[in-house]
Each structure stands twice: as structure tokens, then as C-alpha cells.
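>>> Sharing a model prediction with you, sequence too.
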Amino acid sequence: MGFDLRQVVRRKGATALLGCFVVAAGLIAPALAATRATTNFPLDPSLSLKRVRVSNGPEEIRILTLSPGAVPDIAPATQQYPMWSLTSTMSSNAGAVAGVNGDFGTGKGQPVHTLMIDGELWTTGQAGGRAVAWSSDGTQAYIGNPVLRIHATVGTGSPFNIQEWNAHAPTATMIAAYTSRGGTVTRPPGKASPKSTDPRYCAARLVPAHAIAWNGPSRVSLVRRYTVEAQPEPCPRTPLAVGSKSGAVVVASKFVSSTPNKVMALTVGGAVKLSWTFEGWPGVTDVMGGQQILVDRGVNVAPDYTPGAAYVLNYNPRTSVGIAKGCSDTDGSTVCRMFLITIDGRQSSTNWSRGVRLPFLANEQLRAGAWMALNLDGGGSTSMWVRKKDPAYCQSSPSVGGCLAQRPSPKAGERATRTALIVLPSADGGTPLGLR
């Protein structure tokens with residue numbers, strides 16, 4: 001067979017031209033879809049951990065799913081403000097099987113939003129916000145904007161409202177309450193060495209006469225009865241100490257001669273009943289505040305980042321909590337499940353995890369099965385600790401035992417926070433028997 005150089009040239013030209021088309025097609029072809037690699041790990045009969053790797057970003061996602069039998073609870077960093085501790089330490093000390101970091105906090109070591117633990121109100125918060133709440137056994141849970149009403153009833157008289165609890169100073173038209181939880185940060189108003197121009201405050205110290213109880217079978221409100229132990233008169237400029245008696249409360253309001261003062265009307269030895277109600281959330285004993293609502297009745301409502309928006313809305317490590325529809329509906333056939341999700345971030349340089357914006361986080365909650373979901377503190381605070389160690393998911397081992405199932409931001413390592421949302425292996429022994 002003869003050898004025709006012209007045919008070879010033609011074939012090479014056609015091949016080169018075809019290669020150009022292939023390259024061009026590659027340039028205009030859409031990017032490959034993100035891949036998800038998922039692995040499941042049982043941690044407890046009612047608790048599972050899911051590890052998810054998403055190629056785009058990339059993103060490292062951890063999902064704790066609490067099924068019936070798993071008991072959520074809140075572990076505080078300390079018993080008084082200021083509150084600082086690691087999620088791993090709070091979780092381990094509480095005997096938990098797992099835990100994630102909780103609410104945002106102030107620079108003074110206070111939770112930013114409402115906090116109630118085992119039926120005891122710790123604070124109404126430094127700012128308005130959203131919250132997640134649940135019953136002591138975890139069979140009921142709610143997420144939304146809490147409407148908290150605190151009433152004080154004296155004898156047969158009409159009740160008056162308490163607007164702040166271990167939060168802000170009172171005004172002439174607003175009554176504030178203080179307990180030992182305020183520590184050295186949030187204390188009854190007044191000055192130890194006042195001037196004649198300093199304001200006066202009417203105050204009374206109430207000591208418990210009974211334990212905290214439900215108002216009745218409906219469990220709409222928590223109530224506690226007190227006796228007035230002290231009430232300085234005339235209203236002084238110095239603070240009234242909370243004292244050392246467990247459960248004592250100081251109620252106070254600013255004195256203005258022309259304004260009627262409910263606290264001034266209290267008398268030593270008198271009986272006072274306090275009640276606190278989270279409207280529409282019956283039976284809850286634990287409440288933890290958060291920031292943005294991510295999922296509202298099965299719909300992604302998370303705010304997205306736009307140029308100029310707050311940095312918190314951009315790509316960051318995240319922690320969130322979600323609940324299934326069965327947590328707060330009236331259908332007895334549905335069950336309550338809770339979803340604790342963390343997503344690592346600020347680690348693109350090592351190809352570990354970039355972090356996400358809130359709509360992505362909301363979609364992860366929807367994938368998990370959330371009907372409602374809430375954004376908790378994130379950034380350098382994002383942490384997930386589990387007691388059961390397994391090299392398949394453990395990323396580091398804190399000194400308290402167990403391991404971190406994710407990687408905190410490298411600049412901070414595991415960062416101290418105010419509270420942890422934990423999972424107990426059995427019934428919550430910290431909740432008084434009368435509230436279970």
C-alpha cells in the first residue's frame with residue numbers, strides 16, 4: 001500500500017480542529033455539581049452523628065440527630081456571671097454524650113438572649129431575639145420569638161409585671177429582678193457610696209417559701225411563692241444585696257415621687273407569688289436564645305448576604321439547632337426530633353472547610369428534617385463535642401475526654417463560650433421532680 005503524505009496532513013488537521021472544539025466546549029460547560037460524601041455513626045440508642053463532606057467550598061458538616069429517648073439540656077459555663085468555659089468542658093462535666101456551643105455572649109460574660117435552665121429563669125437577655133425551648137424530657141420543643149410574661153401577685157391585689165431579669169437597670173415605670181446568677185456583672189441598682197444627686201431605688205428581697213411548680217395540669221406557667229424578707233425605707237441610693245439564700249430575688253424600680261411604685265407597696269413578711277410564662281410554649285423547662293430564624297414551618301427563611309451587609313451573614317463557621325414538626329404539633333402520632341448542626345469554616349487554605357452563609361445552613365437543616373431551625377453562635381465559637389471516640393470522625397481530643405468531631409477555627413482553637421446545648425444519656429436529673 002502506498003504512503004500518501006497529503007492524507008496524513010488532512011487527518012492531523014481534522015484532529016486538531018476537533019480538539020479545539022472539545023476545549024471550547026469545556027470552557028463553556030457548567031461547573032461540575034457538588035458531591036456529598038456521607039457517613040453515619042451511632043453514638044447512643046437515640047443519638048446519631050452524620051459526617052458530611054461537600055466538595056464545593058469545600059464544606060465539612062456534622063449533624064447530631066436526637067430521636068425519642070435522647071434528652072436535650074443546657075450546661076452553663078459557671079453558676080454566675082461572668083460565664084466562660086469550653087463546650088467540651090461544659091458537656092463532659094454535665095455527664096453528656098454530646099454537646100454543641102450555645103447562645104451568643106457579651107464581652108462581660110453574659111448570654112445575649114433569654115436563658116432558662118431546668119425551670120429557673122436566668123435572664124431575659126441583653127437584647128431581643130429568638131429562642132429554642134423544650135420540655136424536660138425532650139418530647140416537646142419550640143423555636144420562634146419568645147413572648148415572656150413575668151407577673152408578681154401580692155395577696156388578692158392585681159398583679160404587676162416584671163420586665164427585666166438579671167439584665168438591665170430599672171426605670172420609674174419598669175421593674176427589674178436580680179438573683180445570684182448575676183454574679184459580679186448584673187447586680188441590684190444603686191451605689192455603695194452614693195452622692196445626694198444619685199437616683200434612689202425602691203427594692204425588696206424575696207426569699208422562696210416553696211419550690212418552683214407548674215400552675216396546673218396545663219403547664220402553661222411556672223410559679224413560685226416567696227416571702228418579703230427585706231424592704232428598706234425610704235427607698236435608698238445604695239443597692240439591696242441579693243444575699244446568700246438559695247433562690248432569693250431582689251425586685252427593684254427607680255424612685256420618682258410623682259410615680260406610683262409597686263415595690264414600695266411591699267411589706268416585710270408579706271407573701272408574693274411570681275409566675276413566668278412563655279406564651280404558646282407550654283411545658284418548657286429549658287430556653288436558649290439565638291439569632292436568626294433559618295427555617296420557618298418547613299421554608300428556608302434565612303437572610304442572605306449582600307454587599308455591605310453585616311459580616312455575620314457572610315461565609316463563617318456555623319452552629320444551629322432544628323426541630324421536627326412533631327416537636328410542637330398536636331398530632332400524637334408524630335415524634336419530636338432535634339438536629340444540632342455545625343459547619344466548619346475559615347479553613348479554605350487547607351482545603352478543609354470554607355464556611356457557609358445562612359441560606360446554606362438552613363438547607364442543611366431542611367435536609368436533616370427540620371420544620372423550624374435557629375442560628376446559634378458561630379464563628380470561632382462553633383464546637384461539637386462527643387463522648388464516644390472514633391478515629392473516623394474525631395478531629396482532636398480535649399483534656400476532659402471524648403473528642404471534637406469538627407475542627408474549630410485555627411486562630412482560636414476551641415473557644416470559651418457561655419453555655420452549651422448538650423445531650424444527656426437519660427432523664428435530666430437537674431430538673432426538679434415537680435417539673436418533669
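Arrived safely, thanks for sending.
>>> What is the burial count for the nearest residue to Gln163 once chain neighbours are set aside?
Residue nearest to Gln163 in three dimensions, not counting chain neighbours: Met174, with 4.8 Å by C-beta to C-beta, 6 or more residues apart in numbering. (Each C-beta comes from the backbone N, C-alpha and C, glycine too.) By the other C-beta atoms under 10 Å criterion, the neighbourhood of Met174 contains 15 residues.
>>> Quickly list what Met174 is bridged to.
For Met174, the beta-bridge assignment (DSSP bridges) gives partners Thr171.
>>> low pLDDT regions in the stretch 201-350 of the chain?
Residues of the stretch 201-350 of the chain meeting the criterion pLDDT under 70: none.
>>> show me the contacts for Lys117.
Slight slip there: residue 117 is Ile, not Lys. With contact set as C-beta atoms under 8 Å, 6 or more residues apart in numbering, Ile117 has these partners: 73-74, 76, 286, 430.
>>> again, only this time at 7 Å
If you count contacts by C-beta atoms under 7 Å, 6 or more residues apart in numbering, Ile117 has them with 74, 76, 286.
>>> cool, and Thr259?
Thr259 makes contact with 172-173, according to C-beta under 7 Å, 6+ apart.
>>> do the same with Lys191
Contacts of Lys191 were listed using C-beta under 7 Å, 6+ apart, and they are 198, 237-238.
>>> Can you pull the domain assignment for the chain?
According to automatic domain parsing, the chain comprises the domains 36-146+283-435, 148-278.
>>> Show the end-to-end separation of the longest one, please.
According to C-alpha to C-alpha, to the nearest Å, domain 36-146+283-435 extends 43 Å from its N-terminal end residue to its C-terminal end residue.
>>> now swap in the last one and tell me
Distance between the boundary residues of domain 148-278 (C-alpha to C-alpha) amounts to 5 Å.
>>> on that earlier part again, what's the most buried one of the domains of the chain?
Each of the domains of the chain was scored by mean neighbour count; the highest is domain 36-146+283-435, a mean of 20, by mean count of other C-beta atoms under 10 Å.
>>> Out of the contacts of Lys191, flag the one nearest to Gly57.
Checking those against Gly57 with C-beta to C-beta, the nearest one is Asp198 at 55.5 Å.
>>> May I ask you to confirm that that closest one is in contact with Arg237?
Yes. Counting by C-beta atoms under 7 Å, Asp198 sits close enough to Arg237 to count as a contact (4.8 Å).
>>> could you pull out the helices for the stretch 251-400 of the chain?
For the stretch 251-400 of the chain, the helices identified by DSSP state H, counting those that start in this stretch occupy 358-368, in order along the chain.
>>> Now name the helix or strand holding Pro236.
When secondary structure is defined by DSSP states H and E, Pro236 falls outside every helix and strand.
>>> Pretty sure it sits against Pro199.
No. In this structure Pro236 lies outside contact range of Pro199 using C-beta under 7 Å: 10.4 Å.
>>> Next up, the contacts around Pro410.
Contacts here follow C-beta under 7 Å, 6+ apart; on that basis Pro410 touches Gln347.
>>> Are we agreed that it is in a strand?
No. Looking at Pro410 with DSSP: H, G, I helix; E, B strand; the rest coil, it is coil, so not inside a strand.
>>> Wait, Trp371 touches Ile323, no?
Yes. The pair formed by Trp371 and Ile323 meets the contact definition of C-beta under 7 Å, at 6.4 Å.
>>> excluding its backbone neighbours, what's nearest Val335?
Gly326 (4.7 Å).
>>> Just want to check the distance between the one you found and Trp352.
35 Å (C-beta to C-beta, to the nearest Å).
>>> pLDDT value on Ser158, please?
What the model reports as pLDDT for Ser158 is 74.
>>> meant to ask about Ala412, not that
71.
>>> Which secondary structure element is home to Ala133?
strand 130-134.
>>> Which helix or strand lies directly C-terminal to that strand?
Scanning forward in sequence from strand 130-134 by DSSP H and E, the next helix or strand is strand 141-144.
>>> What lies in contact with that following strand?
Applying C-beta under 7 Å, 6+ apart, the contact partners of strand 141-144 are 130, 132-134, 281, 284, 323, 327-328, 336, 338, 372-374.
>>> Which residue ranges of the stretch 51-200 of the chain form strands?
The residue ranges that make up the strands of the stretch 51-200 of the chain, judged by DSSP state E, counting those that start in this stretch, are 59-66, 71-76, 98-101, 115-117, 120-123, 130-134, 141-144, 148-154, 160-161, 164-165, 176-178.
>>> any idea of the mean pLDDT for the last one?
Looking back up the chat, that one is strand 176-178. Average pLDDT, strand 176-178: 98.
>>> Work out the gap between that strand and the centre of the chain.
Averaged C-alpha coordinates place strand 176-178 at 22 Å from its chain's average position (C-alpha atoms, centre = their mean, to the nearest Å).
>>> who does it pair up with?
The pairing partners recorded for strand 176-178 under DSSP bridges are strand 164-165 (parallel), strand 249-254 (antiparallel).
>>> okay, the angle between the helix or strand just after that strand and strand 249-254?
Stepping forward along the backbone from strand 176-178, the first helix or strand reached (DSSP H and E) is strand 201-208. Orientation check (axes from the mean of the first three to the mean of the last three C-alpha atoms, to 10 degrees): strand 201-208 against strand 249-254 gives 160 degrees.
>>> is it possible to export the contacts of strand 141-144 to a markdown table including distance to Lys50?
Conversion of the contacts of strand 141-144 to a markdown table gives the following (distance: C-beta to C-beta, whole Å):
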| residue | distance to Lys50 |
| --- | --- |
| Arg130 | 25 |
| Val132 | 20 |
| Ala133 | 25 |
| Trp134 | 21 |
| Trp281 | 28 |
| Val284 | 27 |
| Ile323 | 17 |
| Cys327 | 19 |
| Ser328 | 23 |
| Cys336 | 19 |
| Met338 | 14 |
| Met372 | 20 |
| Ala373 | 16 |
| Leu374 | 19 |
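>>> Pull the most distant pair out of these.
Among the contacts of strand 141-144, the pair separated by the greatest distance (C-beta to C-beta) is Arg130 and Cys336, at 18.8 Å.
>>> re the thing from before, look up how far Asn161 lies from the residue nearest to Gln163.
Separation of Met174 from Asn161 (C-beta to C-beta): 9 Å.
>>> Equivalent analysis for Thr277, please.
Thr277 sits 11 Å away from Asn161, going by C-beta to C-beta.
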